[in-house]
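[1] Provide a 3D model corresponding to the input given below.
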Amino acid sequence: MATGNIAKNDITGRYIKSEPPNQAFRDGWDNIFKKKTKLILASANFCGPCKMLKSKIDKEGLTVEIKQMEDEAEFFKQHSIKTVPRLLVFEGDKLVDTVTGPDDIFQRIKELS
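    Purely as a prediction, here's the structure:
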């Protein structure tokens with residue numbers, strides 16, 4: 001027999017009041033079990049569209065990790081990146097999406113931030 005948020009405990013036979021988990025509890029649970037989304041922007045110092053995109057990202061206050069071609073050659077080889085700008089979306093350690101084109105990249109960053 002249940003009345004509102006009061007339910008009968010099967011073990012003791014007493015009535016207990018149950019409360020749904022609060023937001024802090026749900027957020028903590030998600031942080032433990034939910035895969036983290038990580039955004040990496042592949043960029044280069046000589047790339048005009050990359051500079052404009054980074055400026056736009058800064059103005060909006062969005063966060064994304066930036067890998068520069070000149071500094072992270074091994075990363076670019078590992079992920080077969082031949083054109084910039086390119087956004088790589090990771091969930092945990094798994095690459096789940098890549099986005100090219102400054103406008104598409106900016107929209108995707110806004111969606112995921």
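[2] residues contacting Val96?
    Counting by CB atoms under 8 Å, 6 or more residues apart in numbering, Val96 touches Val89, Phe90. In this view, the C-beta of every residue, glycine as well, is placed from N, C-alpha and C.
[3] phi, psi of it?
    phi -110, psi -20 (degrees, to the nearest 10).
[4] what do you get for the one 3 residues further on?
    In this entry, Val99 is assigned phi and psi values of phi -130, psi 130 (degrees, to the nearest 10).
[5] So in terms of bridging, what pairs with it?
    As for beta bridges, Val99 partners with Leu87 under DSSP bridges.
[6] can you check Leu39 too?
    Beta bridges link Leu39 to Val89 when assigned by DSSP bridges.
[7] and the top helix by length along the chain, what other elements does it pack with?
    The helix that spans the most residues within the chain, counting by DSSP state H, is helix 48-60. Applying 3 or more CB pairs under 8 Å, 6 or more residues apart in numbering; DSSP states H and E, one finds that helix 48-60 contacts strand 37-43, helix 102-112.
[8] Pipe those into TSV and attach distance to Val96, mean pLDDT and mean neighbour count per row.
    Converted to TSV, those look like this (distance: least, CB to CB, whole Å; pLDDT from 0 to 100; neighbours: other CB atoms under 10 Å):
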stretch	distance to Val96	mean pLDDT	mean neighbour count
strand 37-43	8	95	20
helix 102-112	11	95	15
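[9] Mind putting these into CSV with distance to Lys59?
    Shown next, in CSV, are those (distance: least, CB to CB, whole Å):
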stretch, distance to Lys59
strand 37-43, 15
helix 102-112, 11
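[10] any idea how far Phe46 is from Leu39?
    According to CB to CB, to the nearest Å, Leu39 stands 22 Å off from Phe46.
[11] Distance check, Pro85 against Arg14.
    The gap separating Pro85 from Arg14 is 62 Å, by CB to CB.
[12] repeat for Glu65
    From Glu65 to Arg14 the distance is 53 Å (CB to CB).
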